[in-house]
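A.B. asks: Can you look at this prediction? I've put the sequence above it.
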Number of protein chains: 2
Amino acid sequence: MALNRRGTSTCVFPNMPVIVSAASVVGPREGKGPLGPLFDLVCGDTLCGEVSWEKAETKMLRQATDLAVAKAGLQDAEIDFFLAGDLLNQIISSSFTARDKDIPFLGLYGACSTIGEATAIGSFLIHGGFASNVLVASSSHHDTAERQYRYPTEFGYQRVPSSQWTVTAAAALVLSSQGEGPKVEAVTVGRVLDFGITDANDMGSAMAPAFADTVWRHLSDLGRTPDDYDAIFSGDLGRVGSKAALHLLKQRGIDLSRVHEDTGLMIYNMEPEICSGASGCGCVASVFAAKIYPELKSGQMKRVLLVPTGALHSPTTCQQDESIPSIAHAISLVYPGWEEKGS
Amino acid sequence: MALNRRGTSTCVFPNMPVIVSAASVVGPREGKGPLGPLFDLVCGDTLCGEVSWEKAETKMLRQATDLAVAKAGLQDAEIDFFLAGDLLNQIISSSFTARDKDIPFLGLYGACSTIGEATAIGSFLIHGGFASNVLVASSSHHDTAERQYRYPTEFGYQRVPSSQWTVTAAAALVLSSQGEGPKVEAVTVGRVLDFGITDANDMGSAMAPAFADTVWRHLSDLGRTPDDYDAIFSGDLGRVGSKAALHLLKQRGIDLSRVHEDTGLMIYNMEPEICSGASGCGCVASVFAAKIYPELKSGQMKRVLLVPTGALHSPTTCQQDESIPSIAHAISLVYPGWEEKGS
């Protein structure tokens, strides 16, 4: 068994957990984007028939989890653990979704990195023999995030070019100890880095160092190069953060330009108000579920590194003149035929 | 290996993770309480030399983690993972503490149940062979919580008898794959329950069903009775919630009265303004570190069940007329000589 030796924090799974299903539910704007036809469900409006955006986000997360469990051919009673997190204070979308499920629950907070954190911990549970099936999920909603983190949504403030647009989306995955699907080969849990960025409208730059550090540690720990991956996805650095991240890695002698993609640049038609790109827990999660997962499942891509990134600040810390600490977790995923092919 | 069989969600560790150290840092009011002399550090005032209560909470959490690592005879470089959470939006106390540590970080949110969730996940990591040492921690601060969840602290609102007083405290534990100390024997991860309580001033009643459910499942899963424990600690139901919880368990034929204690009733001299008792992530965590841990370590208690409980609401959900979902995780702990004694 490949252990987490001191000096490395990459966990390698000898019996790889299988992602047996993935599901996504998005808002109308996301439905009109280039990935629109790939999402399982597109809401007609941002309220999804509810009376508040917060209740709408919870509904979308519940729908995504229900869909993922159904697609796996399972029922809630067969799920051993439910792991989720979101952007809202006290992760209410996740907790209120868990309320409707009779499944042991672990609530997580890693901002937009949450789906990575959940996949990592879910994989630990399966690896440890404590679970056959683990449901992991994450969500964000443009309007709930906007009014919690920034301004009342009615107030049309001027966005700056480095701003990112919070995605309205929820996604869920079922990890299993056996079955058919892409597999979790290894996980690198991130450290919290802070390069002193204080501009909450430039989270891409704030998260770039964490992304670069985690990718660098992942490749070093496993003795790999970017060429070992068909693609390395950040989620989400946007245009500004992606440029900074690739520059930081280049300084360490790693050229990511051939394989790097940012999920924040994949979900929208890049209208001017999207500025630097998309973000939010639901962005990397739904792009993975709708676009990356099927391509891995079919073998169109053989091995990818998914690196969800999170900015760990709050409105209070910004008001108190703190800079923005960030984190990124790397999840190495291989297509179903990997074991037979050998690595 | 004892697995998490479907129908049970209790994870039993064949090689029990060892809690090799525990540390606590508290505010002045907690220092004047009955456990005052047992805490490692008592701050002279609630600002701890910082310019805001939020920065003070982060400082206390950092001190608690530094102390726990030092007491374990370790350095940060020997810690494989840091797991933490707190009550503040975006768990800023934990994230900002992690920023100062060069340790892979997993952020958690389980309200006051967080130290239980962290201990559970830390144990999974050690069980899986991915960590030799895991640092787990949690904190709360009366004034940061008060102004975030309730009213500006300057506003002297009238508290009701079922109110609980948020503790100013941080605590940290080091879990190790080997070493001397109390051991984590088993963990029952809680489900989210909601019995329709909408009164944010009665969180004890809101959390009582989750406590009762988790204790009942833990005992059923392992075929045990309350007599198998020297004590079963809830953390924190207060007077009102404890009464409700014991009543709910009695309805299922389980009499907890002989062994039950609530950490929310242990930390303060019960002045009138404390009302139903103490609460906050730091309460159960610091009472465990200062009082329960040493008694387990010395063998004064042989086996205890620690059941941290969390109310998973937010000010937004209260304003939107939602009831309060809750969770509780059960951690079964045995004294260092347990293995030799046999069970």
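C.D. replies: Arrived safely, thanks for sending. Numbers count the residues shown, from 1 in each chain, chains lettered A, B, ... in the order given.
A.B. asks: now for the helix or strand hosting residue A:60, which elements pack on it?
C.D. replies: Element membership of residue A:60 [criterion: DSSP states H and E] is helix A:53-71. If you count contacts as 3 or more CB pairs under 8 Å, 6 or more residues apart in numbering or on different chains; DSSP states H and E, helix A:53-71 packs onto strand A:18-26, strand A:41-42, strand A:81-86, helix A:92-99, strand A:133-140, helix A:142-149, strand A:169-176. For the C-beta atoms, the positions are set from N, CA and C on the backbone; glycine is no exception.
A.B. asks: could you redo the last one with a cut-off of 6 Å?
C.D. replies: strand A:18-26, helix A:92-99, strand A:133-140, helix A:142-149, strand A:169-176 (3 or more CB pairs under 6 Å, 6 or more residues apart in numbering or on different chains; DSSP states H and E).
A.B. asks: Residues touching that helix, excluding its own?
C.D. replies: A:21, A:23, A:25, A:40, A:47-48, A:50, A:93, A:96-97, A:135, A:137, A:139, A:141, A:143-144, A:170-172, A:174 (CB atoms under 6 Å, 6 or more residues apart in numbering or on different chains).
A.B. asks: Please apply the same query to stretch A:206-218.
C.D. replies: Stretch A:206-218 is contacted by residues A:10, A:188, A:190, A:193, A:195, A:197, A:234, A:237, A:241, A:244-245, A:248-249, A:252, A:307, A:309, A:311, A:324, A:326-328, A:330 when judged by CB under 6 Å, 6+ apart.
A.B. asks: Give me the buried subset of those residues.
C.D. replies: Buried members of the contacts of stretch A:206-218, counted by 16 or more other CB atoms under 10 Å in any protein chain shown: A:10, A:188, A:190, A:193, A:195, A:197, A:234, A:237, A:241, A:244-245, A:248-249, A:307, A:309, A:311, A:324, A:326-328, A:330.
A.B. asks: Pull the contacting residues for residue A:256.
C.D. replies: So residue A:256 contacts A:226, A:246, A:249 (CB under 6 Å, 6+ apart).
A.B. asks: quick revisit: ok, of the helices and strands packed on helix A:53-71, where does mean pLDDT dip lowest?
C.D. replies: Per-stretch mean pLDDT for the helices and strands packed on helix A:53-71 is lowest at helix A:142-149 (a mean of 91).
A.B. asks: angle of that one against strand A:81-86?
C.D. replies: 70 degrees (axes from the mean of the first three to the mean of the last three CA atoms, to 10 degrees).
A.B. asks: Pull the distance from helix A:142-149 to the chain's centre.
C.D. replies: Computed by CA atoms, centre = their mean, to the nearest Å, the chain-centroid distance of helix A:142-149 equals 18 Å.
A.B. asks: Let me know the angle separating it from helix A:92-99.
C.D. replies: Interaxial angle of helix A:142-149 relative to helix A:92-99 (the same axes, to 10 degrees): 120 degrees.
A.B. asks: Just the C-alphas of helix A:142-149, formatted as CSV.
C.D. replies: Extracted as CSV, the C-alpha positions of helix A:142-149 are listed here (Å, rounded to 0.1, in the frame of the first residue of the first chain):
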residue,chain,number,x,y,z
HIS,A,142,-25.3,33.4,-8.1
ASP,A,143,-27.8,35.4,-6.3
THR,A,144,-27.4,33.8,-2.8
ALA,A,145,-23.6,34.3,-3.1
GLU,A,146,-23.9,37.8,-4.5
ARG,A,147,-26.0,39.1,-1.7
GLN,A,148,-24.1,37.3,1.0
TYR,A,149,-20.6,38.2,-0.2
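A.B. asks: Is it in proximity to chain B?
C.D. replies: No - counting by CB under 6 Å from any CB of the partner chain, chain B is not contacted by helix A:142-149; separation bottoms out at 7.9 Å.
A.B. asks: ok, the closest residue in space to residue A:80 that isn't next to it in sequence - how many residues close by?
C.D. replies: Using CB to CB, 6 or more residues apart in numbering or on different chains and skipping residues adjacent in sequence, the residue nearest residue A:80 is residue A:131, 3.8 Å away. Number of residues near residue A:131 (other CB atoms under 10 Å in any protein chain shown) recorded here: 28.
A.B. asks: Quick check: residue A:131 is in a strand.
C.D. replies: No - counting by DSSP: H, G, I helix; E, B strand; the rest coil, residue A:131 is located in no strand; its state is coil.
A.B. asks: now the helices: where do they sit in chain A?
C.D. replies: Along chain A, counting by DSSP state H, helices occupy A:28-31, A:53-71, A:92-99, A:114-127, A:142-149, A:203-222, A:238-251, A:281-287, A:293-297, A:315-319, A:338-341.
A.B. asks: would you list those in a markdown table and tack on distance to residue B:33?
C.D. replies: Formatted as a markdown table, the helices of chain A follow (distance: least, CB to CB, whole Å):
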| stretch | distance to residue B:33 |
| --- | --- |
| helix A:28-31 | 52 |
| helix A:53-71 | 38 |
| helix A:92-99 | 31 |
| helix A:114-127 | 35 |
| helix A:142-149 | 35 |
| helix A:203-222 | 40 |
| helix A:238-251 | 47 |
| helix A:281-287 | 39 |
| helix A:293-297 | 52 |
| helix A:315-319 | 28 |
| helix A:338-341 | 57 |
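A.B. asks: sorry, back to before: from the contacts of residue A:256, which is closest to residue B:294?
C.D. replies: residue A:249 (47.7 Å; CB to CB).
A.B. asks: OK, contacts around that closest one?
C.D. replies: For residue A:249, the contacting residues are A:212, A:256, by CB under 6 Å, 6+ apart.
A.B. asks: separation between it and residue A:281?
C.D. replies: Per CB to CB, to the nearest Å, residue A:249 is found 24 Å from residue A:281.
A.B. asks: Name the residues of stretch A:34-51 that are buried.
C.D. replies: Within stretch A:34-51, the residues that qualify as buried are A:35-36, A:38-40, A:42-43, A:46, A:48, counting by 16+ other CB under 10 Å.
A.B. asks: Looking at those residues, spot the one nearest residue A:112.
C.D. replies: The closest of those, once distances to residue A:112 are taken by CB to CB, is residue A:35, at 17.3 Å.
A.B. asks: Is the closest one in contact with residue A:290, as I believe?
C.D. replies: Yes - with contacts counted by CB atoms under 6 Å, residue A:35 reaches residue A:290, the gap being 5.5 Å.
A.B. asks: picking that back up, now do the helix holding residue A:60 against strand A:81-86: the angle between them, please.
C.D. replies: 150 degrees.
A.B. asks: before we move on, the earlier item: among the contacts of stretch A:206-218, which ones are in strands?
C.D. replies: Cross-referencing the contacts of stretch A:206-218 against strands under DSSP state E gives A:10, A:188, A:234, A:307, A:309, A:311, A:326-328, A:330.
A.B. asks: Among the residues you listed, which one sits closest to chain B?
C.D. replies: Checking those against chain B with CB to the nearest CB, the nearest one is residue A:327 at 6.3 Å.
A.B. asks: what's across from that closest one in the sheet?
C.D. replies: Per DSSP bridges, the residues bridged to residue A:327 are residue A:310.
A.B. asks: count of residues packed around residue A:284?
C.D. replies: Counted with other CB under 10 Å, residues neighbouring residue A:284 total 36.
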